[in-house]
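1. My questions are about this predicted structure, shown below with the sequence.
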Amino acid sequence: MDEKKKIADIYIRVSTLDQAREGFSLPEQKEKLIEFCKSKGYEIHAIYADEGISAKDDKRPAYQQMINDIKNGTVNVIVALKLDRLTRSVYDVEKLMKLLEKYGCDLDCKDDDSNTLTSTGRMCIRLTTAFSQNEIERCSERTKFGMVGAVKAGHIPNRTPIGFKRIDKKLVPDELTKDIIIRMYDLYLEGKSYQGIANIYNQEEVLGRTNWLDSTIQKIMTNELYKGDFVHGKRTKHPQYYEDVVEPIVSKEKWNACQYQTKRNARHYERTATYLFTNKLKCSVCGNFLGGKATTKRKSGKKYYYYKCEKCRTNYKEDTIRDGLLLQLYDLIRKDNLINKYYTPFIKHKQEDITKDYKTELKGLEKQEERIKCAYLNGVVKMNEFDNELKSIRYKIDNINKKIKEIKQCENFNFTTNDLLILEDTETIDTFVNPDIFLTNILNLTNASREEMKRIIGTYIDNIEVNKVGDKIELLNIVYRKSFLTDLVNYHNNYGVPYNFNIFSDEKGFKIPMNHEAKTSLEAKEYFNKLQDVVSKNSLKLNYYETEADSKLEDISFEPNGDYEQILRLIVLSDSKNYNDKTLRLGVITLDLESALYSRLNRKEQPNELCNI
Ligand SMILES: [Zn+2]
C-alpha cells in the first residue's frame, strides 16, 4: 500500500520468567529482528529493550519511548517477535492498534503473523482483540489515586486477611488458603447468600472453624484487597485508594460482579432461592429488571413461575425462557467441563515447579504444630485455643498434601495446544454425529433440579434482555458472566490454551470456531490429519479458500464444495505464497453430515472415547 520507505523501531522484551525459555533472550530476539528488517528492506531507527519486565501493562520505559517515536512520526513500522512481546493485555493491544492507525504506522511481527500489512495479519490481530470490549469497560471503572511507596510495594498495614500471608512484611496470596476465598466469590455469584456460604463453611469446618458468620463473609466479599487494591482509611471522610498493590486472589471482574450482584439483590429482594432468573432478566422496553412471581394451581398443586415487568405490565413464563437458553447453557457447560478436565492440568503442567515451595511450607507447618503442642503442655495456651490452632494447622497441612498430589498427577499430562483443539473438535463432531447422546444430555439438563439449574444459570449468565411480541418471547441479548470469559482469555494469553473466537457464523446461524493462531497450509494439513485419526475417516474435508475480505474483516464469504457440509473450523493461513495484501487465505475443515452419520450406523456401537493421548 505504502510506497514510502519503511523506517522501523524494533521492540524487544524479556520477563524474568522468559529468560529461562529458549530463543527468548534479548540478544537472540535482537539478532532475529535485525535480520528480519533486512529481509523486508526496513531501515532501523532504534532498538528498544525492556528487560525483566512483564507486559501486563504498558508502563515500561522502552515501550513508552517507542510510543513517542510513533507519535512524532519518526518511524512508520514497529517490529517485534510476537504480539505478546509488545503486550499481553488485550486492552493494550487495542490501545496500540488505535494509536498505530491514527499515526499511520504499521506493525510487523516476525513469528506470529500479526501485522497490519496483510488481511491475514489483520485477522490475527482482530482475533486477539475480539474480546477487548469488556476490558475497556473495566478500565473506565477504574479511579486513580496517588500511590505511596510502602503500599505500592505491597506493605499493607492492618492484619493479614484470610487468603494472604506475609513474606518480609509483604502481603502475598497464600496458596493454602486462597482457594477458600475464590470459592466464596464463586458461591456468591452462583446465587448463595452470605448466610448460605457461612452455613456451608461451618458444615465443612473450613479452616477447622465452625464460627463462620454472615458478617465474616460480607467483610471478605467487600474487601478490595482480594482484587489487588487497598483502601486506606475506608471509614474516614477521605479514603485513599491504591490500585494493584498486591497480587490479587480474584480478578477485578469477579470482584466487581459480586458488588454489582449485591446492589441488584438489594433492589429486588426475593427470599426464596427457587426463582431461576432472580435479577437476571431485563425488560427490553424500559430496561428494568423483572421481578419473579409464582402461582400454584389449586387442583394439581403444581407451581408456575413467571416474571413481570411492573412498569410495562408484561409477563414472561419461566419455562419458555429456560427452554430458549438450554442450547447455550449446554455449550457453556461443555466448555467448562473441557477446561476442568484438560485445560487445568495443561496449565498446571506448564507452571513452574512449585512442589519445592510446598515442601518447605510443609516443614514450617509441622514445626508450628510441635510448638503449639509444647505451649499447651506447658500451660501457655488454653485448651480451646490449642484446639482451634491445631485444627487450622492440620487443615493447611492436608491442603498442601492435596496440592502436591495434584501436581504429581498433572506431570503425566503431555498435551499440546493442538491436542486440546482436537478434543474440542471431536466433541463438536460427536454432537453432530450422535444426536442421541446430544439429546440425552439436553434432556438431563431439562430434568435438573431447580437448585441445580439456578446454580448453572448463576455461573454463566449475567443478564438477559427479554422481549415479547404477541405471545412470543424473544431472548435478545444474552450477556455472559464477564469473569468466566476473562478467565478463558487469560488462560489463552498466558498459557496458550485454545480459545475459540466465534466471530463468524454460517448461514444457518451456527457459530463457527476460528483458530486464534494462523497456521501454514502444511500445519493446517497436519492438524487435519491428526483430527482424522481420531474421528471417522472420509467424512472430514479440508479445503483451502482465498476470499476477498472487507476491510474491517467483518464479512467473509466463500462457496463451499459439498452439499451437506457443516463447517467445523476456520484456520487463518499465513503462507506468503501469492502474496497479496487484500486476500485472506483460509483453511476450512468441514464435516460431511451424511457420510458421517452413515459410517456411524455401519459401525458397531463403540465406547465413545474422546482421544487417545
Ligand atoms: Zn418494562
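-> Cool, the structure landed. Residues are numbered from 1 along each chain as shown.
2. For the residue of the stretch 101-250 of the chain found nearest the ion, which non-adjacent residue is closest in space?
-> Of all residues in the stretch 101-250 of the chain, Gly191 sits closest to the ion, at 23.2 Å by C-beta to the ion. C-beta here means a position set from N, CA and C on the backbone, and glycine is covered the same way. Sequence neighbours aside, Gly458 is the residue nearest to Gly191 in space, at 4.2 Å (criterion: C-beta to C-beta, 6 or more residues apart in numbering).
3. Now the element after whichever helix or strand that neighbour is part of, going C-ward?
-> For Gly458, the host element (DSSP states H and E) is helix 450-460. Downstream of helix 450-460, the first helix or strand assigned by DSSP H and E is strand 461-469.
4. Check whether the helix or strand just after that following strand comes into contact with the ion.
-> Downstream of strand 461-469, the next assigned helix or strand under DSSP H and E is strand 472-480. No - Strand 472-480 lies out of reach of the ion by C-beta under 5 Å from the ion, never closer than 12.9 Å.
5. Partner strands of strand 472-480 and their direction?
-> Paired with strand 472-480 in the same sheet, following DSSP bridges, are strand 461-469 (antiparallel).
6. and the partner strand, which residues are buried?
-> Buried residues in strand 461-469, counting neighbours by 16 or more other C-beta atoms under 10 Å, are found at 461-468.
7. quick one, that strand and helix 450-460 angle?
-> 100 degrees (axes from the mean of the first three to the mean of the last three C-alpha atoms, to 10 degrees).
8. how far does strand 461-469 sit from the chain's center?
-> For strand 461-469, the distance from its own C-alpha centre to the chain's C-alpha centre is 24 Å (C-alpha atoms, centre = their mean, to the nearest Å).
9. hmm, who's touching it?
-> Contact partners of strand 461-469, identified using C-beta atoms under 8 Å, 6 or more residues apart in numbering, comprise 257, 277, 279-285, 289-290, 307, 314, 316, 321, 325, 329, 473-482.
10. since we're on Met514, how many residues are nearby?
-> When neighbours are defined as other C-beta atoms under 10 Å, Met514 has 19 of them.
11. Let me see the ranges of the helices in the stretch 151-300 of the chain.
-> 178-189, 194-204, 214-221, 252-267 (DSSP state H, counting those that start in this stretch).
12. so the last one versus strand 461-469, what angle?
-> Orientation check (the same axes, to 10 degrees): helix 252-267 against strand 461-469 gives 50 degrees.
13. Which strands and helices lie in contact with helix 252-267?
-> Secondary-structure packing of helix 252-267 (3 or more C-beta pairs under 8 Å, 6 or more residues apart in numbering; DSSP states H and E): helix 132-140, helix 178-189, helix 482-495.
14. worst average pLDDT in those helices?
-> Comparing mean pLDDT over the helices and strands packed on helix 252-267, the weakest stretch is helix 132-140, at a mean of 35.
15. Looks like Met123 contacts Leu553 (just checking).
-> Yes - between Met123 and Leu553 a contact is recorded at 5.5 Å, counting by C-beta atoms under 8 Å.
16. For those two, indicate the residue with more neighbours.
-> Comparing Met123 with Leu553 by other C-beta under 10 Å, the one with more neighbours is Met123, at 24 against 17.
17. For the helix or strand in which the more buried one is found, which helices and strands make contact with it?
-> Met123 belongs to helix 119-129 when elements are defined using DSSP H and E. In terms of contacts (3+ C-beta pairs under 8 Å, 6+ apart), helix 119-129 is packed against helix 83-86, helix 90-102, strand 565-572, strand 583-592.
18. Up against the ion, what does this protein have?
-> Applying C-beta under 5 Å from the ion, one finds that the chain approaches the ion through 283, 285-286, 309, 311-312.
19. Now intersect those residues with the strands, please.
-> Within the residues of the chain next to the ion, residues falling in strands by DSSP state E are 283, 309.
20. Selecting buried members of the residues of the chain next to the ion in ChimeraX, what would you type?
-> Restricted to buried positions by 16+ other C-beta under 10 Å, the ChimeraX selection for the residues of the chain next to the ion reads:
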select :283,309
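21. Save the residues of the chain next to the ion as JSON lines, and put in distance to Thr440 and pLDDT too.
-> Output for the residues of the chain next to the ion, formatted as JSON lines (distance: C-beta to C-beta, whole Å; pLDDT from 0 to 100):
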{"residue": "Cys283", "distance to Thr440": "35", "pLDDT": "94"}
{"residue": "Val285", "distance to Thr440": "38", "pLDDT": "93"}
{"residue": "Cys286", "distance to Thr440": "40", "pLDDT": "93"}
{"residue": "Cys309", "distance to Thr440": "36", "pLDDT": "92"}
{"residue": "Lys311", "distance to Thr440": "42", "pLDDT": "92"}
{"residue": "Cys312", "distance to Thr440": "39", "pLDDT": "92"}
